[in-house]
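Engineer: this one's sequence-less:
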C-alpha cells in the first residue's frame, strides 16, 4: 500500500487510470502533472471533482458542503 506507483504512462496504477478517465484537469488534460492532485469520490464510487495541486485544503473544505 505504501510503495511507489506510477500515475501516468503505460505502467500507471489502475486506480489512477480510472480517476483520470473520470475527471480531467480544467484544461481537459487527464494526466497528473504534479504531486498533490486530489480526487473526491462519492460513497457510490462516482468521481465528483478533481482538485489540482494549487488548491488548498481550506479551499477544498469550503466546497465539500455541496457534495454532502
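Structural biologist: Looks like it came in fine. Here the structure is a predicted model, which is why all the values come from computation and not from measurement.
Engineer: Give me the pLDDT value at residue 1.
Structural biologist: Listed pLDDT for residue 1 reads 67.
Engineer: and the helix or strand of the chain with the lowest mean pLDDT, how far from the chain's centre?
Structural biologist: One helix or strand of the chain scores below all others by mean pLDDT, DSSP states H and E: helix 57-64, with a mean of 92. Helix 57-64 has its C-alpha centroid displaced from the chain centroid by 14 Å (C-alpha atoms, centre = their mean, to the nearest Å).
Engineer: which other helices and strands contact that helix?
Structural biologist: Of the remaining helices and strands, those touching helix 57-64 by 3 or more C-beta pairs under 8 Å, 6 or more residues apart in numbering; DSSP states H and E are strand 38-41, strand 47-51. From N, CA and C alone the C-beta is placed, and that goes for glycine too.
Engineer: For residue 58, find the nearest of those.
Structural biologist: Closest to residue 58 of these is strand 47-51 (C-beta to C-beta; 11.7 Å).
Engineer: Contacts for the closest one next, please.
Structural biologist: The contact list for strand 47-51, computed with C-beta atoms under 8 Å, 6 or more residues apart in numbering, reads 19, 22-25, 37-42, 59-60, 63, 67.
Engineer: 6 Å - rerun?
Structural biologist: With contact meaning C-beta atoms under 6 Å, 6 or more residues apart in numbering, strand 47-51 is reached by 19, 22, 23, 38, 39, 40, 41, 42, 60, 67.
Engineer: Please, a PyMOL command that selects the buried ones among these?
Structural biologist: Remark: buried members of the contacts of strand 47-51, expressed as a PyMOL selection using 16 or more other C-beta atoms under 10 Å:
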select buried, resi 19+23+39
